[in-house]
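Asker: Following is a predicted model, sequence given first.
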Amino acid sequence: MWVTSSLKTVLTPTSLAIGNFDGIHRGHRQVILPAIASSQFGCSTVLTFHPHPKVFFSGQARHLLTPLNEKIIQLKQLNIEQLVLLPFDRELANLTSQEFVEQILIKGLQAKRISVGADFCFGRQRTGHVQDLQAMAKAYGVEVTVAALEKQSGDRISSSAIRQALEGGDVATASNLLGRAYSLMGEVVQGQQLGRKLGFPTANLQLPPEKFLPRLGVYAVRVDIFDLPMSDAMISSQTAIGVMNLGYRPTVDGNRQVAEVHLFDWADDLYGKVLTVHLVSFLRPEQKFASLDELKAQIETDCQVARELLVGANSV
């Protein structure tokens, strides 16, 4: 997939889906799929903004459900051919809705088909709405598809709802809204090897600093293991099941947050590999134990519960 942040290097003409698409959840896919279906009119393209407009206006960092590497992989799996990361700066923010359509969509991207969500707004102070986009694009012979808001049990599927579920450890709801398991992706790096001393060797994941993290605690997980550095062409070489601890390890006076994964029935070296850890179930919150022996006993229980849950899910 071609990724660019410059209109000078885009592949044109385009069949275009526009949005921020953090999470690439079920609702987002309803906006993206028409761009793929209309790819006979041009390169199937997702147009998003970097940084997120809310980050630009607030100056505050925003944690992402899908940092760039994950977003690229998700979009490639949907057969999107191009991702355009349009720099969101003062100049772009000041474009009127008409200027945005003419300069960015028509002249820059040479859009032949456009897909947006029903709540899409654009132009200076978000004054342009989907009806305006349809009217402006029609003048250039460009059709605009408007995807209805996807709902679950009457509520809109949104990145905010997914974050809320993850903050509460509600993995099932988050997975339902996403249409897949929420995952953490990172390279295995050297740790303190405390897990090995307890009889439960763990792989320490180096996660992107902007990655949105779920509730701290212990999770049953499925893991894809990659030999190659993170890229949009990653193909899993091996898979495994296990448990992940996300937190500060209060029993051993940990002072920094870690993501540690213990794989069942695994003996191979994982250093330098990339793991994608899919959250299956939240087992328990992080807690401090009176001794390492109590911690070890709880880990044994966690592993037993996780193994039964994961193996049982495979047999259904």
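Answerer: Happy to help now that I have it.
Asker: so where's the stretch 101-250 of the chain shaky on pLDDT?
Answerer: Along the stretch 101-250 of the chain, segments meeting pLDDT under 70 span 191-199, 228-236.
Asker: can you give me the helices for it?
Answerer: 130-138, 159-167, 171-178, 194-198 (DSSP state H, counting those that start in this stretch).
Asker: which residues touch the residue most central in space within the chain?
Answerer: Centroid check for the chain by CA atoms, centre = their mean gives residue 66 as the closest residue, at 2.2 Å. Going by CB atoms under 8 Å, 6 or more residues apart in numbering, residue 66 touches 21-24, 74. C-betas here are computed from N, CA, C, even on glycine.
Asker: any idea how this structure splits into domains?
Answerer: 2-152, 181-315 (automatic domain parsing).
Asker: buried set for stretch 265-285?
Answerer: Buried residues in stretch 265-285, counted by 16 or more other CB atoms under 10 Å: 266, 270, 273-283.
Asker: Ramachandran angles for residue 96?
Answerer: phi -70, psi 170 (degrees, to the nearest 10).
Asker: if I read this right, it contacts residue 124, doesn't it?
Answerer: Yes. Counting by CB atoms under 8 Å, residue 96 does reach residue 124; the two are 5.4 Å apart.
Asker: which stretch among the domains of the chain comes nearest residue 161?
Answerer: Shortest separation from residue 161 across these is recorded for domain 2-152, at 8.2 Å, computed as CB to CB.
Asker: gap between the two ends of the closest one?
Answerer: Separation of the first and last residues of domain 2-152 by CA to CA, to the nearest Å is 33 Å.
Asker: I'd like to check what contacts stretch 167-180. Which residues are they?
Answerer: So stretch 167-180 is contacted by 23-26, 29, 152, 157-158, 161-162, 165-166, 181-182, 214-215, 217, 219, 278-282, 285 (CB under 8 Å, 6+ apart).
Asker: Please give the centre-to-centre distance between that stretch and its chain.
Answerer: From the chain centre to the centre of stretch 167-180 is a distance of 12 Å (CA atoms, centre = their mean, to the nearest Å).
Asker: picking that back up, which of the helices of the stretch 101-250 of the chain has the highest mean neighbour count?
Answerer: helix 171-178 (a mean of 21; mean count of other CB atoms under 10 Å).
Asker: Quick one: work out the angle between that one and helix 159-167.
Answerer: Interaxial angle of helix 171-178 relative to helix 159-167 (axes from the mean of the first three to the mean of the last three CA atoms, to 10 degrees): 160 degrees.
Asker: change the start of the numbering to 31 and stick with it
Answerer: With 31 as the first residue, the last one maps to helix 201-208.
Asker: Excluding sequence neighbours, find me the nearest residue to residue 114.
Answerer: Using CB to CB, 6 or more residues apart in numbering and skipping the chain neighbours, the partner closest in space to residue 114 is residue 77 (4.8 Å).
Asker: Now do the same contact list for that neighbour.
Answerer: 46-49, 114, 116, 139.
Asker: Kindly recompute the last result at 6 Å.
Answerer: By CB atoms under 6 Å, 6 or more residues apart in numbering, residue 77 lies in contact with 46, 48, 114.
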